[in-house]
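Undergrad: coordinates only, no sequence provided:
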């Protein structure tokens with residue numbers, strides 16, 4: 001294990017020495033497991049977003065159908081009262 005030296009300063013300007021233990025970075029041993037967990041979580045959340053998108057899309061079409069039905073009803077009432 002190697003040590004790194006760094007000079008630090010107190011708020012009044014005096015300095016002191018600090019030694020940090022330096023260890024080489026280790027690669028994650030469980031990287032494939034982490035990738036699998038991440039993939040499963042993303043798949044689950046994106047499926048939920050797709051479901052909500054489908055619900056809103058169905059709601060938009062239902063709204064369009066209702067608006068068209070109301071317009072047709074208004075025209076029918078106008079024609080009925082006008083003669």
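TA: Nice, thanks for sending it over. Given the structure is predicted, the values throughout are model-derived calculations rather than measurements.

Undergrad: CA only for contacts and neighbour counts going forward, please
TA: Fine.

Undergrad: how close does residue 55 sit to residue 61?
TA: Here the criterion is C-alpha to C-alpha, to the nearest Å. By it, residue 55 lies 10 Å from residue 61.

Undergrad: now swap in residue 49 and tell me
TA: To residue 61, residue 49 is 18 Å away according to C-alpha to C-alpha.

Undergrad: now the helix or strand hosting residue 39: average pLDDT?
TA: Per DSSP states H and E: residue 39 is located in helix 31-82. In this model, helix 31-82 has an average pLDDT of 83.

Undergrad: from the contact counts, what lies against it?
TA: For helix 31-82, there is no helix or strand it packs on, judged by 3 or more C-alpha pairs under 8 Å, 6 or more residues apart in numbering; DSSP states H and E.

Undergrad: count the neighbours of residue 45 for me.
TA: Residues near residue 45, counting by other C-alpha atoms under 10 Å, number 11.

Undergrad: try residue 44
TA: 11.

Undergrad: kindly provide the distance from it to residue 38.
TA: For residue 44, the distance to residue 38 (C-alpha to C-alpha) stands at 10 Å.

Undergrad: ditto for residue 55
TA: Taken as C-alpha to C-alpha, the span from residue 55 to residue 38 is 26 Å.
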